[in-house]
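> what's the 3D shape of this:
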Amino acid sequence: MDKSILRKMTKKEVLEHFGSVEQIGGIKEYTYSGGRADGVRAIEVNTGLIRFTILPGKCMDIVNCEAYGTPVAWVSKAGISGSENYEPEGFGWLRNWAGGLVTTCGLSHVGAPYDEHGLHGRIANIPAQKVSVDAFWNGDDYIMMISGEVRQACVFGENLVLRRTITTKLFDDKFMLCDTVINEGARTENVCMYYHCNFGYPLVSEKSTIIGVPEEYSHIDPPTPFADEECIEIDMKEDIQTVGIENGDIGAYITYKRDTLPNFVLWKKPATSDYAIGLEPKNILLSGATIHEQDGFVKLEPYGEIKTSLCFSFKEL
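Numbering: from 1, shown residues only. Here you go, the predicted structure:
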């Protein structure tokens, strides 16, 4: 079907032409079977133009993503794996990291392992509770909304809650991811958030360009065996910042506000079989040992909260 027709359809036109919204989009829930993914719950959202998969058992993060039928997210060779396979010590996080469009890092540590903190913290491997899946008409808009709550808590320790809502519409080429982190404990907590947003081939190639970063960082190398990773801190300037990747056929973009996510890392890993680009907004400057040694955290007061949001958008070029 002509995509331009789909973009223009009203509620009346949809209900006249289709027996069910599921013929052209909607939400599908399923559970993986077999291997390390056995039992992992998935929620697939399809707008007719973009399709992405949310994993409630992994912090409501997003793994696969397609735009106009083309894969845009990078999925690692570790693949989808249940939280029970998480190895918290050292770099064990990498053995359970599927990559995906969004991996949430934090909430008490990000970056290289330090002391008892493993790589990138615990939050990405905590299952969500109170997961809600809803789809409904609001005028001519068919709204799809998924929400859940992820609690990082420890007896005698922190009691942090991440409430996440992901919203889009039928025929849309974008979606919103909105987070609220709440300190439900009686002490001030050190909090850090780092959105590891990972893009892969064919969006990522040596013919592609990274958008919204200085020109000297905008190129992408071809896959090279054992190529080292680069983590480039970039001082963004706009109050509302957009970064993205374009390959000549499609573009994928992230838009966020710098008052809540003031810092940004461009992650390049042009290695064979690990070929990925990460666009990574964050609310802290430091990571690894230095965030602890220099106390570089956001201070979240008892019963206080912080809000962040990302808009993911796509277009045909």
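
> Quick one: the helices in this structure, in order.
Counting by DSSP state H, the chain has helices at residues 3-8, 11-17, 288-293.

> how about those helices, which one is nearest M176?
Of all the helices of the chain, helix 3-8 sits nearest to M176, with 18.5 Å by Cβ to Cβ. For the C-beta atoms, the positions are set from N, CA and C on the backbone; glycine is no exception.

> Which of the helices of the chain has the highest mean neighbour count?
Counting by mean count of other Cβ atoms under 10 Å, helix 288-293 has the highest mean neighbour count of those, with a mean of 16.

> Any chance you could list what contacts that one?
109-115, 117, 192, 284, 296-297 (Cβ atoms under 8 Å, 6 or more residues apart in numbering).

> do stretch 230-239 as well
Residues outside stretch 230-239 that contact it (Cβ under 8 Å, 6+ apart) are 212-214, 217, 257-259, 263-269, 285.

> Buried only: go through those residues for me.
Buried members of those, scored by 16 or more other Cβ atoms under 10 Å, are 212-213, 257-258, 263-269.

> Just give me the closest of these to F136.
Checking the buried ones among the contacts of stretch 230-239 one by one against F136 (Cβ to Cβ), the nearest turns out to be K257, at 27.6 Å.

> List the residues that contact T53.
T53 sits next to 42-45, 62-65 when contact means Cβ under 8 Å, 6+ apart.

> Need the per-residue pLDDT for S309.
At S309, the model reports a pLDDT of 98.

> returning to what we had before: of the contacts of helix 288-293 - the most surrounded one?
Greatest neighbour count in those, by other Cβ atoms under 10 Å, goes to V110: 29 neighbours.

> I'd like the contacts of helix 288-293 written out as TSV, with pLDDT and distance to P127 added.
Formatted as TSV, these follow (pLDDT from 0 to 100; distance: Cβ to Cβ, whole Å):
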residue	pLDDT	distance to P127
H109	98	19
V110	98	20
G111	97	23
A112	97	25
P113	98	23
Y114	97	25
D115	96	25
H117	97	20
C192	98	21
I284	97	25
G296	98	28
F297	98	25
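
> mind listing which of those are in strands?
C192 (DSSP state E).

> so W74 touches G99, yeah?
Yes - taking Cβ atoms under 8 Å as the definition, W74 is a contact partner of G99 at 4.7 Å.

> partner residues bridging the nearest residue to Y201 once chain neighbours are set aside?
Of all residues not flanking Y201 in the chain, Y275 sits nearest, at 5.9 Å (Cβ to Cβ, 6 or more residues apart in numbering). Taking DSSP bridges as the rule, Y275 bridges to P270.

> Relative to G200, how far out is Y275?
The gap separating Y275 from G200 is 6 Å, by Cβ to Cβ, to the nearest Å.

> possible to save the contacts of helix 288-293 as CSV with distance to T180?
Below are the contacts of helix 288-293 laid out as CSV (distance: Cβ to Cβ, whole Å):
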residue, distance to T180
H109, 20
V110, 19
G111, 23
A112, 28
P113, 28
Y114, 27
D115, 28
H117, 23
C192, 16
I284, 17
G296, 22
F297, 18
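
> so who does E189 touch?
108, 158, 160, 183, 299-300.

> For those residues, I'd like a selection string for PyMOL - just the buried members, please.
With 16+ other Cβ under 10 Å as the criterion, this PyMOL line picks the buried residues out of the contacts of E189:
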select buried, resi 108+158+160+183+300
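
> Which ones among the contacts of E189 lie within strands?
Per DSSP E, the subset of the contacts of E189 in strands is 160, 183, 299-300.

> Of all pairs in these, which one is the farthest apart?
Across the ones in strands among the contacts of E189, the longest distance by Cβ to Cβ is 12.8 Å; it joins L160 and K299.

> Go through the contacts of stretch 230-239 and name the one nearest S132.
K257 (25.1 Å).

> Residues contacting stretch 147-158, please?
56, 59-60, 107-108, 122-123, 126-132, 159-166, 183, 185, 189.
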